[in-house]
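>>> Using only what follows, build the 3D model:
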Amino acid sequence: MASSGVAAPEFYQNVVVMRHGDRMDNFEPMWVATATRPWDPPLIQQGRARAFATGRSFRKILPFTLNRVFVSPFLRCVQTAAEVVVALSAVCDDDRPNNLTGDGVLIDPSKIKVSVEHGLCEMMSRAAIRLEAVPKDGNWGFDIPEIEAMLPAGTVDKNVERVYKTLPQWEEDPNLHTRPRYKQIVKDLADKYHTENLLLVTHGEGVGVAYSSFVKGVEVYEVDYCGYVQLRRPIFKKDQSFTAGEFEALVHNGQTGVKYTQIKTAQ
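Here you go, the predicted structure:
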């Protein structure tokens, strides 16, 4: 209100941070033994269906339009993003209503743009990746053009300059490196695209950090497949420049697949 002396925001920016869908190696234990890329499992069919359904629900329940998607280079995230993007950019809301995935759904690629961002990748340590699955030669084999080819045609923004040009180093410390990385990449991407609403498709730890970083006194203990948090911040305009307020999280315990506990502070 004008009487409070606080300027009204020009608009609010929204950032949704989402976990990938159901990963193969958690449902097919023998998959790792024969996989050529055991560190990079795909989604099972249920994971694709869950991602597509989540994308459809975003379109129906979010009170804003998602303009841009950033995705971890890991296959399970790329496949998740592909399904969500099809759902968000479908020409018609009820196109193929019985479809469980985005296969065959007609899209308008101008509705949303997608980019790969290394900074959203998995925790690069044994805390998240089984040692027996780590590539022996240290080559993780993430080929950006090949990854981009998996995303819906016409949606990839090839002009984006990535925040992280390469993957983080293997055996990054979870507390010193990984969690600060997840927190910072949210801010960096939001600042870079402050006039747009973003969807960040990442890993469970990234979603947990996105929530606990912007809500005091909570500890996230579980993030379901395709669980997500919605962050919002005010954007203020002064002269020809913009400034951003602090993020707030708009999610209630468990309702979007993110479960947390309140941290008791010493009296």
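
>>> where along the stretch 101-250 of the chain do the strands fall?
113-116, 198-202, 218-223, 228-238, 241-244, 248-249 (DSSP state E, counting those that start in this stretch).

>>> Pick the most deeply packed of the ones you listed.
Using mean count of other CB atoms under 10 Å, the stretch among the strands of the stretch 101-250 of the chain with the greatest mean number of neighbours is strand 198-202 (a mean of 27). (Each C-beta comes from the backbone N, C-alpha and C, glycine too.)

>>> Give me the most central residue, the chain.
Val201 (1.9 Å; CA atoms, centre = their mean).

>>> pLDDT value on that residue, please?
pLDDT, Val201: 99.

>>> what comes up buried for the longest helix anywhere in the chain?
As assigned by DSSP state H, the longest helix anywhere in the chain is helix 45-61. The neighbour-count check on helix 45-61 (16 or more other CB atoms under 10 Å) flags Gly47, Arg48, Ala49, Arg50, Ala51, Phe52, Ala53, Thr54, Gly55, Arg56, Phe58, Arg59 as buried.

>>> residues touching the second one, list them.
The neighbourhood of Arg48, defined by CB atoms under 8 Å, 6 or more residues apart in numbering, consists of Gly21, Gln79, Glu83, Leu100, Thr101.

>>> go again using 7 Å as the cut-off
Gly21, Gln79, Glu83, Thr101 (CB atoms under 7 Å, 6 or more residues apart in numbering).

>>> What is the nearest of those residues to Leu151?
Using CB to CB, Gln79 comes nearest to Leu151 of those, at 9.6 Å.

>>> these two touch, right, that closest one and Pro42?
Yes: counting by CB atoms under 7 Å, Gln79 does reach Pro42; the two are 6.1 Å apart.

>>> Tell me which of those two has more neighbours.
Comparing Gln79 with Pro42 by neighbour count (other CB atoms under 10 Å), the higher total belongs to Gln79, at 23 against 19.

>>> Name the SS class of that one, please.
helix (DSSP: H, G, I helix; E, B strand; the rest coil).

>>> coming back round to it: quick one: the longest helix of the chain to chain centroid distance?
14 Å (CA atoms, centre = their mean, to the nearest Å).
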